[in-house]
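1. Sequence isn't available, so here's the structure alone:
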């Protein structure tokens, strides 16, 4: 990963946390206690999944760029499988609001990804070494 990815990840997490707080408040207002629990679980799932990806890819970076790609793809596939299992297992639960769980997770993922794109576009990365040999 780029050495400057840390600030991008932190800023994206802060923006996504803001969206999570908004969704939690909406969950409480529109869904009561079950909406609160669904929103909190959705936000927690997104936070854990992105943290796992960042940690795994950062660790693989020390090995090689190929290891980074393999790790990124593997963690993505594992997270999709875990999400499918969780959705199947809790699809009939009445302990929390599944709608607020799903909506919060989707909103947080979109906001996190959008923030990463925004902060990455603002990053100045040299693609040519200005003082390199000719």
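-> Looks like it arrived, so ask away. Remember, predicted model here, so these are calculated numbers, not experimental data.

2. biggest helix in the chain by residues?
-> In the chain, with assignment by DSSP state H, the single longest helix is helix 5-61.

3. who's in contact with the host helix or strand of residue 121?
-> Using DSSP states H and E, the element containing residue 121 is helix 98-122. Outside helix 98-122, the residues within contact range by C-beta atoms under 8 Å, 6 or more residues apart in numbering are 7-9, 11-13, 15-16, 18-20, 23-24, 26-27, 30-31, 34-35, 38-39, 41-43, 45-47, 50, 90-91. Bear in mind the C-beta positions are built from the backbone N, C-alpha and C, glycine included.

4. now it, how far from the chain's geometric center?
-> In terms of C-alpha atoms, centre = their mean, to the nearest Å, the centre of helix 98-122 is found 7 Å from the chain centre.

5. That one to helix 5-61, inter-axis angle?
-> Here helix 98-122 points in a direction 100 degrees away from that of helix 5-61 (axes from the mean of the first three to the mean of the last three C-alpha atoms, to 10 degrees).

6. For the spatially most central residue of the chain, give me the pLDDT.
-> Among the residues of the chain, the one closest to the centroid is residue 50, at 3.7 Å (C-alpha atoms, centre = their mean). What the model reports for residue 50 is a pLDDT of 91.

7. Distance of it relative to residue 16?
-> According to C-beta to C-beta, to the nearest Å, residue 50 stands 8 Å off from residue 16.

8. Next: residue 61.
-> From residue 61 over to residue 16 the distance is 22 Å, taken as C-beta to C-beta.

9. So what's the residue count around residue 8?
-> Residue 8 has 19 neighbours, counted by other C-beta atoms under 10 Å.

10. hang on, it packs against residue 50?
-> No: applying C-beta atoms under 8 Å, one finds residue 8 not in contact with residue 50, separated by 12.0 Å.

11. which intervals of this structure have sub-threshold pLDDT?
-> Residues of the chain meeting the criterion pLDDT under 70: 1-4, 125-134.

12. same thing but at 90, please
-> Applying pLDDT under 90 to the chain picks out residues 1-10, 53-55, 57-69, 72, 83-84, 86-95, 98, 119-134.
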